[in-house]
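In: Have a look at this prediction, sequence included:
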Amino acid sequence: QVQLKESGGGLVQAGGSLRLSCAASGRTFSMYRMGWFRQAPGKERVFVAAISLSGSSTYYADFVQGRFTISRDNVKNTVYLQMNSLKPEDTAVYYCAARISGTDYYASTASTYGYWGQGTQVTVSS
């Protein structure tokens with residue numbers, strides 16, 4: 001199995017940027033399709049972005065299109081989420097997740113991910 005640990009969260013003003021990192025340990029990182037989800041207080045966990053095994057394909061929720069970029073480094077066993085033009089409504093706990101799947105289908109479905117990190121808090125002030 002794989003263990004995931006997020007970092008890079010914090011407090012930022014609206015319009016600012018943050019880069020989240022998710023370091024993976026355990027089994028071969030390149031075997032896992034990766035995703036980022038977020039959960040705001042009192043709300044359900046929602047899909048943010050996902051990336052294919054090689055990093056050649058990426059998928060985004062509509063609300064982050066053009067602002068966030070997901071990437072991965074299969075040598076460093078790390079997936080990143082670059083977040084630009086942050087808004088107060090982006091405030092949430094951000095979770096990294098991993099899944100073993102033969103397809104990119106259902107990349108936005110949380111239940112298809114078998115491994116999760118502990119989350120990192122992102123707070124955007126207005």
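Out: Yes, it's here.
In: roughly how far apart are the most centrally placed residue in the chain and Ser126?
Out: The centre of the chain sits closest to Trp36, judged by Cα atoms, centre = their mean, with a distance of 2.1 Å. In this view, Trp36 and Ser126 are 23 Å apart by Cβ to Cβ, to the nearest Å. C-beta coordinates here come from the backbone N, C-alpha and C atoms, glycine included.
In: Gly55 touches Asn74, doesn't it?
Out: Yes. Contact criterion Cβ atoms under 8 Å: Gly55 and Asn74 qualify, at 7.4 Å.
In: And the helices in the protein?
Out: Per DSSP state H, the chain carries no helices over any range.
In: Which residue ranges of it form strands?
Out: Using DSSP state E, the strands of the chain run over residues 2-7, 10-13, 18-26, 33-39, 46-51, 58-60, 68-73, 78-83, 92-99, 115-116, 120-125.
In: now for those strands, which one comes closest to Ser108?
Out: The minimum distance between Ser108 and the strands of the chain falls on strand 46-51, with 4.0 Å, by Cβ to Cβ.
In: Mind listing the strands that closest one pairs with, and their directions?
Out: Strand pairing for strand 46-51, using DSSP bridges, gives strand 33-39 (antiparallel), strand 58-60 (antiparallel).
In: Excluding chain neighbours, what is closest to Gly114?
Out: Arg99 (5.7 Å; Cβ to Cβ, 6 or more residues apart in numbering).
In: give me the number of residues near the one you found?
Out: 19 (other Cβ atoms under 10 Å).
In: That one: what's it in contact with?
Out: Arg99 is in contact with Tyr32, Arg33, Met34, Gly35, Thr112, Tyr113, Gly114, Tyr115, counting by Cβ atoms under 8 Å, 6 or more residues apart in numbering.
In: ok, what's across the strand from it?
Out: Counting by DSSP bridges, Arg99 forms beta bridges with Arg33.
In: Distance check, it against Ala61.
Out: In terms of Cβ to Cβ, Arg99 sits 17 Å off from Ala61.
In: hang on, Val95 packs against Arg45?
Out: Just to correct that, residue 95 is Tyr rather than Val. Yes. Here Tyr95 reaches Arg45: they are 7.0 Å apart, a contact under Cβ under 8 Å.
In: Perfect, that will be all.
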